[in-house]
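Visitor: This is the structure alone, sequence omitted:
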Ligand code: SF4
Ligand code: SF4
């Protein structure tokens, strides 16, 4: 995503930064969400709803107060809909979603299987 | 000197990595030296900023009163000001303190984590601004070169273009982060 920014010529941010302190939810036994890194692209919301069919993720709040939430804004670890499939972690472009015990740069992403699953659905 | 361009580099709140990357241009520095005079920089002895620099590279965020005074002066005496590296462009690592109060930072650094002589320094060390700011939030910036640090090739390209009187096109040439 950082490469994309440079490709389209975005070399800096004009608006002043806000520096909010956002929470980190590490209640899930395998995954963590660090809201400080989330850019609200909603890829997790889509993959979880449209491919996994669990619809654990959604968006709550408006404008700069928007955040992604799990279930009804409960800790991810308490979520009854999450199947722990890890698809959201695979598609997150910023490292906001990551596997426990691994640095973001260490994670190997295998996204090829997502269009594959999608095509099976369509057949 | 003669008709050579005047260049300067400034080091604000950064780790000096951008300056190291500038030095990593290696033997091409000799090529650049034919085109410009490095009139002011942490890398040279001169203590006074030139009357008017054609190009100034700034490394680091604006974090202290001293940084602020420096960058204002540099801006007034520079034609083309370049934000070099992520700290200058986004505040980057120095900016990580911004969610916290400066008093808390001073406390943490000089009282809580100090083994001896616990006190908050008032002399010599310039006072911190409430936040670390990207350079363009404080003064006008003409060229932005992201990267932590930007590669030697990128810096060489940018400086060469500017010295040739062209506007460098960064598309695809650098990236935020390492
Ligand atoms: S692990 Fe799977 S089921 Fe759980 S939130 Fe992520 S995509 Fe949805
Ligand atoms: S995929 Fe990652 S960056 Fe995008 S909304 Fe979900 S958590 Fe945020």
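Guide: Perfect, thanks for sending it. Owing to the predicted nature of the structure, the values given are computational and were not obtained by experimental measurement. Ligands and ions are numbered 1, 2, ... in the order given.
Visitor: beta partners of the residue nearest to the spatial centre of chain B?
Guide: Geometric centre of chain B, nearest residue: residue B:59, 1.6 Å, by Cα atoms, centre = their mean. Following DSSP bridges, residue B:59 is listed with bridge partners residue B:11, residue B:84.
Visitor: so what's the closest residue to residue A:3 other than its chain neighbours up against?
Guide: Counting by Cβ to Cβ, 6 or more residues apart in numbering or on different chains, residue B:175 is the residue found nearest to residue A:3 once chain neighbours are left out, at 5.5 Å. Heads up, the C-betas are built off the backbone N, CA and C, glycines and all. Going by Cβ atoms under 8 Å, 6 or more residues apart in numbering or on different chains, residue B:175 touches A:2, A:3, A:5, A:6, B:146, B:147.
Visitor: So for the fourth one, what's the nearest residue that isn't a sequence neighbour?
Guide: Using Cβ to Cβ, 6+ apart and skipping residues adjacent in sequence, the residue nearest residue A:6 is residue B:175, 5.2 Å away.
Visitor: What pLDDT is listed against the one you found?
Guide: Per-residue pLDDT puts residue B:175 at 82.
Visitor: and stretch B:39-56, average pLDDT?
Guide: Rounded mean pLDDT across stretch B:39-56 is 95.
Visitor: So for it, what gets flagged as buried?
Guide: B:39, B:40, B:41, B:49, B:50, B:53, B:54, B:55, B:56 (16 or more other Cβ atoms under 10 Å in any protein chain shown).
Visitor: Name the nearest of those residues relative to ligand 1.
Guide: Nearest to ligand 1 among the buried residues of stretch B:39-56 is residue B:56, at 48.0 Å by Cβ to the nearest ligand atom.
Visitor: wait, the closest one sits on residue B:9?
Guide: Yes. Residue B:56 is within contact range of residue B:9, at 6.8 Å (criterion: Cβ atoms under 8 Å).
Visitor: ok, and residue B:71, which helix or strand is that part of?
Guide: helix B:65-76 (DSSP states H and E).
Visitor: now check that helix, is it near chain A?
Guide: No. Helix B:65-76 is not in contact with chain A by Cβ under 8 Å from any Cβ of the partner chain; minimum separation 15.5 Å.
Visitor: Show me the strands in chain A, by range?
Guide: Taking DSSP state E, the strands of chain A run over residues A:24-25, A:31-34, A:57-60, A:67-70, A:97-99.
Visitor: Just send those strands back as JSON lines, with mean neighbour count, distance to residue B:136 and mean pLDDT too.
Guide: Listed next are the strands of chain A as JSON lines, based on neighbours: other Cβ atoms under 10 Å in any protein chain shown; distance: least, Cβ to Cβ, whole Å; pLDDT from 0 to 100:
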{"stretch": "strand A:24-25", "mean neighbour count": "14", "distance to residue B:136": "30", "mean pLDDT": "97"}
{"stretch": "strand A:31-34", "mean neighbour count": "20", "distance to residue B:136": "27", "mean pLDDT": "97"}
{"stretch": "strand A:57-60", "mean neighbour count": "16", "distance to residue B:136": "31", "mean pLDDT": "98"}
{"stretch": "strand A:67-70", "mean neighbour count": "20", "distance to residue B:136": "28", "mean pLDDT": "98"}
{"stretch": "strand A:97-99", "mean neighbour count": "21", "distance to residue B:136": "31", "mean pLDDT": "95"}
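Visitor: and residue B:16, which of these is closest to it?
Guide: Residue B:16 lies closest, by Cβ to Cβ, to one member of these: strand A:31-34, at 29.0 Å.
Visitor: so where do the strands sit in chain B?
Guide: Under DSSP E, chain B gives strands at B:5-11, B:36-40, B:53-59, B:62-64, B:78-84, B:128-133, B:143-145.
Visitor: out of those strands, deepest packed?
Guide: strand B:53-59 (a mean of 26; mean count of other Cβ atoms under 10 Å in any protein chain shown).
Visitor: Which elements pack onto that one?
Guide: For strand B:53-59, the contact count by 3 or more Cβ pairs under 8 Å, 6 or more residues apart in numbering or on different chains; DSSP states H and E identifies strand B:5-11, helix B:17-23, strand B:36-40, helix B:65-76, strand B:78-84, helix B:86-90, helix B:152-163 as packing neighbours.
Visitor: Report the distance from the helix holding residue B:71 to the chain centre.
Guide: 11 Å (Cα atoms, centre = their mean, to the nearest Å).
Visitor: Please apply the same query to stretch A:40-55.
Guide: 9 Å.
Visitor: before we move on, what about stretch B:40-59?
Guide: 11 Å.
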